[in-house]
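**Q** quick check, what structure comes out for this input:
(chains A and B)
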Amino acid sequence: MKRKLVSQQTLCLTALILVVFISHGCMSIIKKGDLAPVYVTYGDMITKEGSSFILPDETLEGFFESYWSYRLNGLAEKAFLLEVPYFQECVRFTIYENFINSHVGLSGKGAFRIEINDVNVLNENLISFQIGVFGKVNKSEHLRFYAEDRWVKVRGKWFHILIDPIFFPKLD
Amino acid sequence: MKQFSIMHFLFLLVLFFCIGAMDVYASESTSLVAEGDGFVITNRDVEAIEAYMQREHDFVSSNEQHVKVTVQIYLFAEEGKRIGIKPKYRKGEKDVSEFAQLIGYFMAYKDYVLENYVFDDIVIESYYLSHPKWISEESGNSYLLPLDDLEEKYITYRLMKLKKGYVILDEFKRLMQKYQVRIIQGESN
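**A** Numbering: from 1, shown residues only, chains lettered A, B, ... in the order given. Now for the predicted structure:
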């Protein structure tokens, strides 16, 4: 009986340690959750084709998700580093930051969804997506825009090509 | 005593007249606008540059902006002289006045800075890959135009069109520090 009691105490202690670890894990998730999550969906493209699209380079997916997460959450500095090198060279960061901030200010307010509606593989180093970006800004305001989203692979790393004829008219 | 008073009055009158005249003269005289290591810029220099900018480039702006443009022209010209480049004059220009030389050195140094700016290889490469050009053969095959010297020059030219404002501005900032320039008039508060 006494032995059983010890065993129960050990069990309780283990459970307590587990709770501490789990709550610690949850806290780190909450910290990550400071950034509004970005979900990527493949729009009508898949349902029409009946099969999912396979990107020519699977590493692109990670760059794509990171970039849009940074950009939509207003992390201009991190997003800037994923812009194509010639863009980084020719555009002052302060101007880029203004551009990013003009689109967001949404951090921690809901989630974003990026719908990829079309993919055009121009060559193995250059891919163009047609995307729709959706998000909830607040109770009454929603973010929604459609754009061409280009990516180029330079020296093994994918970079975003920002196309915005109003903010950066000379860069295309 | 009475005679002395009249003389005294006349003396004061002349004195006041002189002071007034000096004041008028002073308002039209030369004043220091900026100074740096080895040169000074006066309001006369700024006026000359302002007239030149308006005449040649239809550029009209605030006094603050004209002061900055003047300082930039003087700095670039000074640096151009120091590194020994030849001033650039317009075709057929025979005027070799001091002012024409100043502009000539400024133009030459500005071109020198732009021509000697080197883009990193990855910058050129990223532009090339982002803007592929295809060559079609009679057979129907097509191939990507290679990144040769000619293409690299073209890309450099394209990028410099986007970048040159910043290149000039950065060089201006560098020379401001190098020559320890102090702008006395025309600074915004």
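**Q** get me the contact residues on chain B for chain A.
**A** Applying C-beta under 8 Å from any C-beta of the partner chain, we find that chain B lies next to chain A at B:119-120, B:122-127, B:129-130, B:132, B:144, B:159, B:161-163, B:166. The way it works is simple: take the backbone N, C-alpha and C, and place the C-beta from them, glycine included.
**Q** check which helix or strand the most centrally placed residue in chain B maps to.
**A** In chain B, the residue lying closest to the centroid (C-alpha atoms, centre = their mean) is residue B:73, at 2.8 Å. Assigned by DSSP states H and E, residue B:73 belongs to helix B:63-83.
**Q** which of the residues of chain B next to chain A fall in helices?
**A** Residues of the residues of chain B next to chain A located in helices (DSSP state H): B:122-127, B:129-130, B:159, B:161-163, B:166.
**Q** all strands of chain A, in order?
**A** Using DSSP state E, the strands of chain A run over residues A:38-41, A:112-123, A:126-136, A:142-154, A:157-161.
**Q** ignore what I typed, I meant chain B.
**A** The residue ranges that make up the strands of chain B, judged by DSSP E, are B:32-36, B:39-42, B:134-136, B:142-144, B:182-183.
**Q** quick one: the ones you listed as a markdown table, columns for mean pLDDT and mean neighbour count too.
**A** As requested, these are exported to a markdown table (pLDDT from 0 to 100; neighbours: other C-beta atoms under 10 Å in any protein chain shown):
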| stretch | mean pLDDT | mean neighbour count |
| --- | --- | --- |
| strand B:32-36 | 91 | 19 |
| strand B:39-42 | 89 | 17 |
| strand B:134-136 | 84 | 10 |
| strand B:142-144 | 83 | 11 |
| strand B:182-183 | 91 | 16 |
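**Q** on that earlier part again, in ChimeraX, how would I select just the buried ones from the residues of chain B next to chain A?
**A** Those of the residues of chain B next to chain A that meet the burial criterion (16 or more other C-beta atoms under 10 Å in any protein chain shown) are gathered into one ChimeraX selection, given here:
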select /B:119,122,123,124,125,126,127,129,130,159,162,163
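**Q** neighbours of residue A:72, just the number please.
**A** 24 (other C-beta atoms under 10 Å in any protein chain shown).
**Q** could you find the closest non-adjacent residue to it?
**A** Spatial nearest neighbour of residue A:72, chain neighbours left out: residue A:112 (4.9 Å); criterion: C-beta to C-beta, 6 or more residues apart in numbering or on different chains.
**Q** what sits against the one you found?
**A** For residue A:112, the residues meeting the contact criterion (C-beta atoms under 8 Å, 6 or more residues apart in numbering or on different chains) are A:36, A:37, A:38, A:39, A:68, A:72, A:106, A:133, A:134, A:135, A:143.
**Q** who is it paired with across the strands?
**A** The partner list for residue A:112 in beta bridges (DSSP bridges) reads residue A:38, residue A:135.
**Q** distance of it relative to chain B?
**A** Distance check for residue A:112 against chain B: by C-beta to the nearest C-beta, to the nearest Å, it reads 26 Å.
**Q** check what pLDDT that residue gets.
**A** Listed pLDDT for residue A:112 reads 82.
**Q** same check, this time on the one 4 residues further on
**A** The predicted structure scores residue A:116 at 88 on the pLDDT scale.
**Q** kindly report the same for residue B:159.
**A** Reported pLDDT at residue B:159 in the predicted model: 95.
**Q** quick check, it in contact with residue A:86.
**A** Yes - in this structure, residue B:159 sits in contact with residue A:86. The criterion is C-beta atoms under 8 Å, and the distance is 6.2 Å.
**Q** who touches both of these two?
**A** Common contacts of residue B:159 and residue A:86 (C-beta under 8 Å, 6+ apart): B:123, B:124, B:127.
**Q** adding pLDDT, write those out as JSON lines.
**A** Written out in JSON lines, the entries for the shared contacts of residue B:159 and residue A:86 read as follows (pLDDT from 0 to 100):
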{"residue": "B:123", "pLDDT": "97"}
{"residue": "B:124", "pLDDT": "97"}
{"residue": "B:127", "pLDDT": "96"}
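**Q** still on that earlier bit, out of the strands of chain A, deepest packed?
**A** Of all the strands of chain A, strand A:157-161 has the most neighbours on average by mean count of other C-beta atoms under 10 Å in any protein chain shown, namely a mean of 20.
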